[in-house]
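>>> Requesting a structural model of the entry that follows:
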Amino acid sequence: MKDASQPASARFVLSDDLPDGVPVLLIESPDGTWTWLIRRGHMEEEAVTEVNRLLGHVTGNGLWVCREAAAEQYPRAS
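Okay, the predicted model is just below:
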């Protein structure tokens, strides 16, 4: 997990590989990158692009706040 003093990284990604009945899955990678996998068809590609642009602004300007205790409830990629 990234140190709170380091810039965060986050993104939305359309996916065809989510389990049945799971429209969204949040994953934090060991490097601290937050990725929301969105089942294709649940969000338009244009919306994903805009959300990623906004996330880039938030993370690029140090507005992302990481709360380690809350993050422990989410699965991590290996």
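
>>> where exactly do the helices run in the protein?
Here the chain has its helices, by DSSP state H, at 45-60, 68-71.

>>> Would you format these as JSON lines with mean neighbour count, mean pLDDT and distance to residue 38 included?
Yep, even glycine has a C-beta here, placed from its N, CA and C like the rest. Shown next, in JSON lines, are the helices of the chain (neighbours: other Cβ atoms under 10 Å; pLDDT from 0 to 100; distance: least, Cβ to Cβ, whole Å):
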{"stretch": "helix 45-60", "mean neighbour count": "13", "mean pLDDT": "94", "distance to residue 38": "7"}
{"stretch": "helix 68-71", "mean neighbour count": "10", "mean pLDDT": "52", "distance to residue 38": "19"}
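
>>> The ones you listed into TSV, with extra columns for distance to residue 19?
Listed next are these as TSV, based on distance: least, Cβ to Cβ, whole Å:
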stretch	distance to residue 19
helix 45-60	20
helix 68-71	21
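
>>> between those helices, which one is nearest to residue 28?
Closest to residue 28 of these, according to Cβ to Cβ: helix 68-71, at 5.9 Å.

>>> can you tell which of the helices of the chain is closest to residue 14?
helix 45-60 (5.9 Å).

>>> which residues sit against that closest one?
Helix 45-60 is contacted from outside by 7, 8, 9, 10, 11, 12, 13, 14, 38, 63, 64, using Cβ atoms under 8 Å, 6 or more residues apart in numbering.

>>> closest to residue 31 among those residues?
residue 9 (7.8 Å).

>>> residues in contact with that closest one?
2, 31, 32, 33, 34, 59.

>>> wait, the fourth one sits on residue 10?
Yes - under the criterion of Cβ atoms under 8 Å, residue 33 is in contact with residue 10, at a separation of 7.1 Å.

>>> More neighbours: which of those two?
Per other Cβ atoms under 10 Å, whichever of residue 33 and residue 10 has more neighbours is residue 10, with 19 against 15.
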